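Peer 1: how would this look folded up:
(one chain, ligands or ions: 1)
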Amino acid sequence: MNIRTIDWKSNKVRIIDQTKLPLKLVYIDINRLEDLWQAIKIMQVRGAPALGAAAGLGMYLGIKDYVCSDWDKFNRKLTSVAKYLASSRPTARNLFWGIERILAVAAANKTKPITQIKQIILADAKSIMREDALSCRKIGYYGSKLFRKNDKVLTICNAGILATIDYGTALGVIYSAQAQGKKLEAFCCETRPLLQGARLSAWELHKQGVDVTLIADNTAAKLMQEGKVDVVITGADRIAANGDTANKIGSFNLAVLARYHKVPFYVAAPKSTFDLKIKDGSGIKIEMRKDKEVASLLFKREITPKNARVLNPAFDIIPHQLINGIITERGIIRMPYIRNIRRMLRKE
Ligand code: MRU
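Peer 2: As a prediction, the model looks like this:
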């Protein structure tokens with residue numbers, strides 16, 4: 001499928017408006033940092049690696065029209081743009097990784113003229129996108145080895161083309177296995193409250209020719225009990241040094257179910273999702289989102305009394321003990337994670 005989740009086109013950030021899918025495939029062009037911030041907040045662009053790319057391009061949007069000639073002043077502006085962008089969503093490591101990468105590349109070139117530093121920032125933002133596309137292909141390649149022909153795979157949320165630059169992480173593994181002739185059957189959890197599984201994963205899996213069945217989130221246990229799931233695979237928003245993984249709310253449920261039913265549970269993510277400064281999952285900040293996401297059906301129809309109390313964490317933590325392997329662009333990391341994550345990330 002030839003789509004770009006996020007791109008730099010005609011001097012603007014072009015994104016697919018994911019809130020409109022699957023009914024309409026609509027692109028929007030963004031020229032102002034504030035509009036990109038909003039697009040991230042309301043999840044027109046979403047998914048950890050896509051947010052890494054948004055961070056890079058957002059940093060450029062924030063300084064492209066800023067006129068000044070000395071580094072200190074420019075750096076102050078860059079720092080304030082970074083702070084603002086970082087306030088859009090707290091959990092996905094890639095967003096912060098992208099911001100930090102641009103700050104570092106700018107600082108490394110601080111003796112150059114500001115106009116040149118701006119171009120270096122844009123070039124690096126584009127590199128983030130190129131590198132992510134490549135990483136996803138490699139994740140797909142390594143992950144595909146875990147599947148046998150006709151395996152039935154369960155996934156949650158959307159860790160596919162729409163969450164990355166192209167190809168995806170968890171879904172990229174499915175695409176890669178399928179391209180090698182291992183026909184798979186995919187099951188998508190609908191992923192309440194915002195339905196990324198139903199709206200996005202089912203859409204792109206179908207377009208990519210994968211045999212896909214949508215299930216309500218609470219159907220996963222029954223499916224596993226009936227022996228209809230061979231592998232569970234999810235993406236990740238942030239992975240701590242010990243392998244504890246933050247991902248879409250409901251991922252932890254699936255990991256517990258998978259262990260009970262002796263079904264292997266894998267996480268697929270690029271290096272940019274790891275956060276070695278965080279020791280374990282308890283240090284990962286979980287985004288809390290608005291009540292109305294849960295209290296309504298996609299904001300259109302209220303489904304609970306007005307005064308009902310709502311709790312809406314967007315992510316949960318999968319304890320590393322429940323993860324059979326973490327598929328990265330450098331290969332599959334297995335237990336013990338503390339040692340093997342460091343080894344794999346250090347490897348050239
Ligand atoms: O709230 P979202 O839709 O941004 O959550 C996305 C996920 O949980 C994905 O699984 C994760 O970002 C990995 S995407 C390759």
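
Peer 1: From here on, just use CA atoms for contacts and neighbour counts.
Peer 2: OK.

Peer 1: Now for Asn324: which residues touch it?
Peer 2: Neighbouring residues of Asn324 by CA atoms under 8 Å, 6 or more residues apart in numbering: 264-266, 334-335.

Peer 1: just checking, Ile233 is part of a strand?
Peer 2: Yes: remark: Ile233 belongs to a strand, assigned using DSSP: H, G, I helix; E, B strand; the rest coil.

Peer 1: ok, back up a step: including pLDDT and secondary structure, could the contacts of Asn324 go into a markdown table?
Peer 2: Shown next, in a markdown table, are these (pLDDT from 0 to 100; DSSP: H, G, I helix; E, B strand; the rest coil):
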| residue | pLDDT | secondary structure |
| --- | --- | --- |
| Pro264 | 98 | coil |
| Phe265 | 99 | strand |
| Tyr266 | 98 | strand |
| Arg334 | 98 | coil |
| Met335 | 98 | coil |
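
Peer 1: Nearest to Arg238 among these?
Peer 2: Closest to Arg238 out of these is Tyr266 (14.5 Å), distances taken as CA to CA.

Peer 1: Contacts for stretch 204-219 next, please.
Peer 2: Residues from elsewhere that reach stretch 204-219 (CA under 8 Å, 6+ apart): 1, 160-161, 171, 175, 178, 183-192, 197-198, 202, 250.

Peer 1: cool, stretch 181-188 as well?
Peer 2: Here stretch 181-188 makes contact (CA under 8 Å, 6+ apart) with 147-157, 174, 177-178, 197-198, 201-202, 210-215.

Peer 1: Then stretch 98-112?
Peer 2: 52-53, 55-56, 59, 71, 75, 78-79, 82, 85-86, 117, 120-121, 124-125, 128.

Peer 1: same thing but 6 Å
Peer 2: 52, 55-56 (CA atoms under 6 Å, 6 or more residues apart in numbering).

Peer 1: Any buried residues in it, and which?
Peer 2: 98-103, 106, 110 (16 or more other CA atoms under 10 Å).

Peer 1: taking these one by one, which sit in helices?
Peer 2: If you go by DSSP state H, the buried residues of stretch 98-112 have 98-103, 106 in helices.

Peer 1: Including distance to Asp29 and pLDDT, could those residues go into CSV?
Peer 2: Below are these laid out as CSV (distance: CA to CA, whole Å; pLDDT from 0 to 100):
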residue, distance to Asp29, pLDDT
Gly98, 20, 98
Ile99, 21, 98
Glu100, 24, 98
Arg101, 24, 98
Ile102, 22, 98
Leu103, 24, 98
Ala106, 25, 98
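
Peer 1: which residue ranges form the strands in the stretch 201-348 of the chain?
Peer 2: 211-215, 231-234, 238-240, 245-248, 265-268, 274-275, 296-297, 301-302, 315-318, 325-328, 331-333 (DSSP state E, counting those that start in this stretch).

Peer 1: Please state the offset of the third one from the chain centre?
Peer 2: Read it as strand 238-240. 12 Å (CA atoms, centre = their mean, to the nearest Å).

Peer 1: what about the helices in the protein?
Peer 2: Using DSSP H, the helices of the chain run over residues 33-41, 48-63, 71-86, 93-108, 114-144, 170-179, 196, 202-207, 220-225, 251-260, 291-295, 337-346.

Peer 1: So which of those helices is nearest the ligand?
Peer 2: With CA to the nearest ligand atom, the closest approach to the ligand among those belongs to helix 48-63: 3.8 Å.

Peer 1: neighbouring contacts of that closest one?
Peer 2: Residues contacting helix 48-63 (CA under 6 Å, 6+ apart): 33, 81, 92, 94-95, 98-99, 122, 125, 128-129, 163-165, 237.

Peer 1: Could you see whether the ligand lies near it?
Peer 2: Yes: residues of helix 48-63 contacting the ligand under CA under 6 Å from any ligand atom: 48-49.

Peer 1: near the ligand, which residues of the protein?
Peer 2: Counting by CA under 6 Å from any ligand atom, the residues of the chain close to the ligand are 46-49, 157-160, 163-164, 168-169, 235-237, 247-248.

Peer 1: got a pLDDT number for Gln38?
Peer 2: Here, the pLDDT recorded for Gln38 equals 98.

Peer 1: How about it: what's its closest non-neighbour residue?
Peer 2: Ser88 (7.5 Å; CA to CA, 6 or more residues apart in numbering).

Peer 1: Distance check, the residue in the stretch 51-200 of the chain that the ligand sits nearest to against Gly143.
Peer 2: When scored by CA to the nearest ligand atom, the stretch 51-200 of the chain has Ala159 as its residue closest to the ligand, at 3.6 Å. Separation of Ala159 from Gly143 (CA to CA, to the nearest Å) stands at 14 Å.
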